[in-house]
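# requesting a structural model of the entry that follows:
(chains A and B)
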Amino acid sequence: MSAVGVGYDLGASTYSPTGRVFQVEYAGKAVENSGAVIGVRCRDGVVLGVEKLIHNKMLVTSSYRRIFTTSNNSGVVIGGLLPDGRQLVTRAREEASSYKSNFGIPIPGKVLSQRIALFTHAYTEYWHLRPFGVSCCLAVYDEVNGPQLYCVEPSGECLRYHAIAVGKNAQQARVQLEKLNFETLTCKEAAIKIAEIIYQIHDEVKDKPFELEMSWVCDASQKKHQLLPSNVLTEVKAAGAKAAEEDDSDDEDDEDGNDAPAKKE
Amino acid sequence: RPIVTGTSVIAIKTDAFVMMAADTLGSYGSLARFHDIRRVVSVGSDCLLGAGGEISDFQKVAQHLEDLEEENYCYDDNVSLTAPQIHSYLTRICYNRRSKVDPFYNQFAVGGMITDDNGAKRTYLGYTDLFGTTFTDNYVATGFGAHLALPLLRKGYETLGGAQMTVEDARKLLADTMRVLFYRDCKTINRITFGTVDARGPNVNEPIALQTDFNLEEINPVKPIQNAEQE
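Below is the predicted model:
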């Protein structure tokens, strides 16, 4: 791979002969190497979850946040470089606030996601700037279109999703997410499902230990974006841990090759 | 020059709660033009703001405080504007505007609950106005109420137990005072909103009407002539 981009990957303002902008793709790699981010849009709201890899055992984990509130009814979760992400969050907050001041209503999801996308895209146009190494998943619950989930990628691409996974092992997560029925799913069920997926795709051996951070904006939270209430979070984490154990025990049976009775839970 | 104005706001503070009342009139000079202006609003999770004077200035200030609160909400660190902070902030902006001879033409009553570091809750009630005058007290009244209502509030406060007053007593006291204001202040209407903030948070009620009796002797000093001729 290293030979592919030679010469055409020095700046974001250069195309390669095959029509690729390598700097933007490399920014995407920064996203792929960070902890998994999952968002699900349900019938009554949107749930966001992230696998926060704890790089340093001495870290005060409550101070490490990857999910940010951008207005009363919207929030983003950052996949990729967190400092770049904070910049985007600040911009999103300003956009939401100025829209509210100008137009009197909370910023609609469509508008906020487009504004963030345009901002991200602007940084892919110039030689002297580098693209954001961030995929931000944006959850909005507005009056007009109900709950919405958007994902803005480093290229500035912004699409609306029923469910999205970015970061490490995102492909595995997507396979699991595709099985969900988004028409009937409630936020509580989705929260449990997201936790299960994150716990399952987290590789105990290869990855650092992680902490689960989740948030939602839904009817239960009065359409306000908030971190999952602590009682729900404990429940969800327990479900996730349990799912991970079942997964591990299945793996062990396979390795032994014995006819060990399957653990019935 | 104030164009659409509101009259008095009265407020009383006890150890357990702060209660505020105001009518819902926006007067266009002496025309009772807008009948549903909410002049008592809740700000943040434990504060009430009431204002008399120019309505547009009040709406601007209330909107600005709400924007500040939304910013606090985004930071998600359980920090939110408290009543003394709002009071101080309003005083500063009022004083600075008046120093530019462009005042926010309002008198504000700011009340709320403060939670101390050890979890104890105190009540707070303050007043600030277009000049930047500011003070805190157990009862405040703005506008015309400062002349008419304050003595009634003072008397009621002393007789009904002061800082230990019950909610019902305070409600009755404010209602009686608003009734007097309705009788005597011509720029009022009989549509009153009450707001309370206690340990559970702020709560502003929907407007209600007060029982009035305009045939009372006290306000009808001239007795109708008995055998009036039919004109």
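# strands of chain A, start to end?
Assigned by DSSP state E, chain A shows strands spanning A:37-42, A:45-53, A:67-71, A:74-80, A:134-142, A:146-152, A:158-160, A:163-166, A:210-218, A:225-227.
# which strands border the second one, and is each parallel or antiparallel?
This points to strand A:45-53. As defined by DSSP bridges, the strand partners of strand A:45-53 come to strand A:37-42 (antiparallel), strand A:210-218 (antiparallel).
# most packed of those?
Highest mean neighbour count among these (mean count of other C-beta atoms under 10 Å in any protein chain shown): strand A:37-42, with a mean of 28. C-beta: built from backbone N, CA, C; applies to glycine.
# so who does whatever residue of chain B ends up closest to chain A touch?
Taking C-beta to the nearest C-beta, chain A has its nearest neighbour within chain B at B:Cys74, 4.6 Å off. Counting by C-beta atoms under 8 Å, 6 or more residues apart in numbering or on different chains, B:Cys74 makes contact with A:68-71, A:93.
# give me the neighbour count for the closest residue to A:Ala241 other than its chain neighbours.
The shortest distance from A:Ala241 to any non-neighbouring residue, by C-beta to C-beta, 6 or more residues apart in numbering or on different chains, is to A:Tyr199 (6.0 Å). Neighbour count of A:Tyr199, defined by other C-beta atoms under 10 Å in any protein chain shown: 22.
# go on, A:Asp247?
By the other C-beta under 10 Å criterion, the neighbourhood of A:Asp247 contains 13 residues.
# these two touch, right, it and A:Gln200?
Yes: the pair A:Asp247 and A:Gln200 passes the contact test of C-beta atoms under 8 Å, sitting 5.1 Å apart.
# so B:Thr212 sits in a strand?
No: counting by DSSP: H, G, I helix; E, B strand; the rest coil, B:Thr212 is not part of a strand but coil.
# quick check: it vs B:Ala175, distance?
Using C-beta to C-beta, to the nearest Å, B:Thr212 is found at 11 Å from B:Ala175.
# of these two, give the one with the bigger neighbour count.
B:Ala175 (16 against 12).
# phi, psi for the more buried one please.
Reported as degrees, to the nearest 10, the phi and psi values for B:Ala175 are phi -60, psi -40.
# run a quick neighbour tally on the nearest residue to it once chain neighbours are set aside.
Counting by C-beta to C-beta, 6+ apart, B:Leu210 is the residue found nearest to B:Ala175 once chain neighbours are left out, at 6.0 Å. Using other C-beta under 10 Å, B:Leu210 has 15 other residues around it.
# one more: B:Thr188?
For B:Thr188, using other C-beta under 10 Å, the count is 24.
# and what of B:Phe131?
The tally of other residues near B:Phe131 (other C-beta under 10 Å) stands at 14.
# need the contact list for it.
Here B:Phe131 is in contact with B:94-95, B:98, B:103 (C-beta under 8 Å, 6+ apart).
# quick one: contacts for the residue nearest the centre of chain B?
Centroid-nearest residue in chain B: B:Val9, 2.9 Å away (criterion: C-alpha atoms, centre = their mean). Contact analysis of B:Val9 by C-beta under 8 Å, 6+ apart lists B:20-22, B:39-40, B:50-52, B:107, B:109, B:141-143, B:145.
# so how far is A:Val175 from the closest residue to A:Ala170 other than its chain neighbours?
Leaving aside its sequence neighbours, A:Ala170 sits nearest to A:Ala36 (C-beta to C-beta, 6+ apart; 6.3 Å). For A:Ala36, the distance to A:Val175 equals 13 Å [C-beta to C-beta].
# those two: which has the busier surroundings?
When A:Ala36 and A:Val175 are compared for neighbours, A:Ala36 comes out ahead with 25 against 12, by other C-beta under 10 Å.
# how close does that one get to B:Ser8?
Between A:Ala36 and B:Ser8 the computed distance is 59 Å (C-beta to C-beta).
# got it, and A:Asp142?
From A:Asp142 over to B:Ser8 (counting by C-beta to C-beta), the distance is 39 Å.
# just A:Ser155 next, same as before
59 Å.
# ok, these two, which is more surrounded?
B:Ser8 (28 against 19).
# could you pull up the residues touching the more buried one?
B:Ser8 neighbours (C-beta under 8 Å, 6+ apart): B:22, B:52, B:141-146, B:148-149, B:181, B:185, B:188.
# now these in a markdown table, with distance to chain A, secondary structure and pLDDT?
Listed next are the contacts of B:Ser8 as a markdown table, based on distance: C-beta to the nearest C-beta, whole Å; DSSP: H, G, I helix; E, B strand; the rest coil; pLDDT from 0 to 100:
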| residue | distance to chain A | secondary structure | pLDDT |
| --- | --- | --- | --- |
| B:Ala22 | 24 | strand | 93 |
| B:Gly52 | 24 | strand | 92 |
| B:Ala141 | 32 | strand | 93 |
| B:Thr142 | 27 | coil | 92 |
| B:Gly143 | 28 | coil | 89 |
| B:Phe144 | 32 | coil | 88 |
| B:Gly145 | 31 | helix | 89 |
| B:Ala146 | 33 | helix | 90 |
| B:Leu148 | 37 | helix | 90 |
| B:Ala149 | 34 | helix | 92 |
| B:Leu181 | 33 | helix | 91 |
| B:Asp185 | 32 | coil | 86 |
| B:Thr188 | 29 | coil | 89 |
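# neighbour-wise, which of those leads?
Scoring these on neighbours with other C-beta under 10 Å, the highest-scoring entry is B:Ala22 at 32 neighbours.
# wait, isn't it in contact with B:Gly53?
No: B:Ala22 is beyond contact range of B:Gly53, at 11.5 Å (criterion: C-beta under 8 Å).
# one step back: any chance of the strands of chain A in a markdown table, plus mean pLDDT and distance to A:Val89?
Formatted as a markdown table, the strands of chain A follow (pLDDT from 0 to 100; distance: least, C-beta to C-beta, whole Å):
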| stretch | mean pLDDT | distance to A:Val89 |
| --- | --- | --- |
| strand A:37-42 | 93 | 14 |
| strand A:45-53 | 92 | 13 |
| strand A:67-71 | 93 | 4 |
| strand A:74-80 | 93 | 6 |
| strand A:134-142 | 93 | 8 |
| strand A:146-152 | 94 | 12 |
| strand A:158-160 | 94 | 15 |
| strand A:163-166 | 93 | 16 |
| strand A:210-218 | 91 | 13 |
| strand A:225-227 | 90 | 12 |
